[in-house]
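Q: Build me a model:
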Amino acid sequence: MRLVPFLLFIGFCIPAAVATGESRSIAAQQAICTAVESPQRDAKNVARDIYRHPIETLTFFGVTPAQTVVEAWPGGGWYAEILAPLLRDRGKYIAAAPPGKAHDALVALFAKDTKRFGKAVVTTLQIGKASDIAPAGSADVVLTFRNVHNFLKAGDAASARFFADCYRALKPGGVLGVVDHRLPENADSSLQIPSGYIKRSTIVRLAIAAGFKFDGESAVNANPRDDHMHPKGVWTLPPSYALGDVDRAKYQAIGESDRLTLRFVKPR
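A: Purely as a prediction, here's the structure:
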């Protein structure tokens, strides 16, 4: 199993309280590893692990099997395949999806295999409208992967609404984890909408305005091969390949986009 280095070793001479805390962290990470390495995951999803680093990412966000975790706009369910089984027995997974086909597809996915997905539920998150993605103050963690740029496209008010929805759903001390395509800070901000890339400062600004405190950043999803300048924006790269076979080998060599991984906390 792939383990984050700082969790690999527990000394025998450290205080019992620290050892217990470290043991819990390792147990949580082992549960994440088991969920990621499940043979039931779609092979196409597994192939993207080298770009999306699910074990390291979920560990950084502090996800454990006993939490209530909301995933905002889970798309086709890439992370749902990991999170719903991980949280099935002791926690709860909530997929907050846009209304329509995406929402209905997740409902069908969970209903198709209740043994695997357990009590996973689907709520509605709609751009520009206040959304009860989870009961207020009920979530330990809210996660969103490559979605903030979509809300930004609808304007600052819609983006602010999204972060407010996340804030309302979280318990005091709860974590908001954000992964998104990185636009360099020295780039023209007008590129954020057409390119799909977004500045770190934009995400931090929106989160802090909603009441969150910045709590940490990881480089686990960074990709130094990505120069952020492509004919069709981030969609030029895999898995979208918006140019089809044009320069496909070039973009395949770059891999998936350079991404920010940011952690915020709702104050206690």
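Q: who touches N150 in this structure?
A: W73, I127 (Cβ atoms under 8 Å, 6 or more residues apart in numbering). (C-beta placed from N, C-alpha, C; glycine too.)
Q: Please tell me how far it sits from W73.
A: Distance, N150 to W73, using Cβ to Cβ, to the nearest Å: 7 Å.
Q: And R161, by the same measure?
A: For R161, the distance to W73 - Cβ to Cβ - is 13 Å.
Q: In a helix, F162, correct?
A: Yes: under DSSP: H, G, I helix; E, B strand; the rest coil, F162 sits within a helix.
Q: measure it to I254 for me?
A: Separation of F162 from I254 (Cβ to Cβ): 29 Å.
Q: Now do the helices in the stretch 101-250 of the chain.
A: With helices called from DSSP state H, counting those that start in this stretch, the stretch 101-250 of the chain shows them at 101-112, 114-117, 148-153, 156-169, 192-195, 200-209, 248-254.
Q: Out of those, which is closest to F60?
A: Among these, the nearest to F60 by Cβ to Cβ is helix 200-209 (15.6 Å).
Q: Have a look at F162 and I254 and say which one is more surrounded.
A: Neighbours were counted for F162 and for I254 using other Cβ atoms under 10 Å; F162 has more, 27 against 17.
Q: Below-threshold pLDDT in the stretch 101-250 of the chain: ranges please.
A: For the stretch 101-250 of the chain, no stretch is flagged by pLDDT under 70.
Q: For L237, grab the count of nearby residues.
A: 26.
Q: right, and it touches A253 too?
A: No: L237 lies out of contact with A253 (Cβ atoms under 8 Å); the separation is 10.3 Å.
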